[in-house]
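Q: Attaching a predicted model along with its sequence, questions to come.
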Amino acid sequence: MKSARFVIALLVPACAAFASAALAQSRPDTRKMDCGGARKLVAARGAVVLSTSDNAYDRYVWTQASCPRGEETTPAYAPTKDFTGCHIGYTCAPPKTGRR
């Protein structure tokens, strides 16, 4: 019984450390990428959450298929190492009213 308690005493802190490390991972930051790299990342993943400043982030998508039902794509621009307004893909937004 002592050996089981010993194993548990070792595993619990190790699991907690692993979980906290996973939670501490940061989002990719567009300001650390060039425009082409940011576009390729969105295209490769289809949808990804990216930081665009120290306190701002958004979910960027490559196609309408990555948007929830009823939403549409809107062109998205973000700051990168080489451009202040790089077109990296799209964001999803509710449809504009009054359009037919």
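A: Yep, that arrived.

Q: Going by C-alpha atoms from here, please, whenever you check contacts or count neighbours.
A: Will do.

Q: So for stretch 57-72, first residue to last residue, what's the gap.
A: This stretch, stretch 57-72, spans 19 Å end to end (Cα to Cα, to the nearest Å).

Q: mind listing what's buried in that stretch?
A: If you call a residue buried by 16 or more other Cα atoms under 10 Å, then stretch 57-72 has these buried ones: 57, 59-64, 66-67, 71-72.

Q: do stretch 90-100 as well
A: Neighbour count says stretch 90-100 has 90-92 buried, by 16+ other Cα under 10 Å.

Q: tell me the helices in this structure, going along the chain?
A: 2-23, 35-45 (DSSP state H).

Q: The first one - what's its average pLDDT?
A: Pointing back at helix 2-23 there. For helix 2-23, the mean per-residue pLDDT is 55.

Q: How about stretch 69-79?
A: Here the average pLDDT along stretch 69-79 is 96.
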